[in-house]
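sequence and predicted structure, then a few things I'm wondering about:
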Amino acid sequence: MIDQKTQARLIAAARHARKRAYSTHRPKRIKVGAALLTSDGTIFEGCNISNDSSTLGVCAERVAVFSAVAKGKRRFKAIAIVGGGAAPWTPCGMCRQVLSQFDPKGSMEIIMAGRSGKPLRATLRELYPLPFRVEG
């Protein structure tokens, strides 16, 4: 598990990333930020990017993962996710599946936060116990 100082850094980075979210959909205009911690201590930020054709958008968590992978990083320790509501923001099923591709044991720590209050912490395995796998 990551320490409180690292958790605070990740949440702050996710809040910073959330400010760059591109969300034009009314009425909610959902804005989410994510900060992904690699095994070497690098942090990659991501924000959600919406599209008028809703299926063409991408979540903040996947933007962070794709940015890390594009830079050659494939080992992740933790991810913080921050939404705009009061309740902690949890990753969607697609994001859980993408995270599981890079963490087959499910030990990655997921930190979920909202505008205020205590963040929720769980392992990927707790959130996504049976990921899809292609055998072969």
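On my side now, so go ahead. Predicted, not measured: the structure shown is a model, and the values here were computed from it.

what bits of the protein have low per-residue confidence?
Along the chain, the model assigns pLDDT under 70 to residues 26-28, 136.

tell me where it has strands.
Along the chain, counting by DSSP state E, strands occupy 33-38, 43-47, 76-82, 109-113, 120-123.

those: which one's closest to Ala70?
strand 43-47 (9.2 Å; CB to CB). The way it works is simple: take the backbone N, C-alpha and C, and place the C-beta from them, glycine included.

which strands and helices sit next to the closest one?
Using 3 or more CB pairs under 8 Å, 6 or more residues apart in numbering; DSSP states H and E, the elements in contact with strand 43-47 are helix 4-18, strand 33-38, helix 60-70.

show me what it is in contact with.
9-10, 13-14, 16-22, 31-38, 59-68, 71, 73 (CB atoms under 8 Å, 6 or more residues apart in numbering).

kindly recompute the last result at 7 Å.
10, 13, 16-18, 20-21, 32-37, 60-61, 63-64, 67-68 (CB atoms under 7 Å, 6 or more residues apart in numbering).

which among those end up buried?
Buried by 16 or more other CB atoms under 10 Å: 10, 13, 17-18, 21, 32-37, 60-61, 63-64, 68, out of the contacts of strand 43-47.

tell me the two of those that are most distant?
Ala21 and Leu37 (19.9 Å).

picking up where we left off before, which one among the buried ones among the contacts of strand 43-47 gets closest to Glu126?
Glu61 (16.0 Å).

grab the nearest non-local neighbour of that closest one.
In space, and not counting its chain neighbours, Glu61 is closest to Cys95: 4.0 Å by CB to CB, 6 or more residues apart in numbering.

cool, thanks, talk later.
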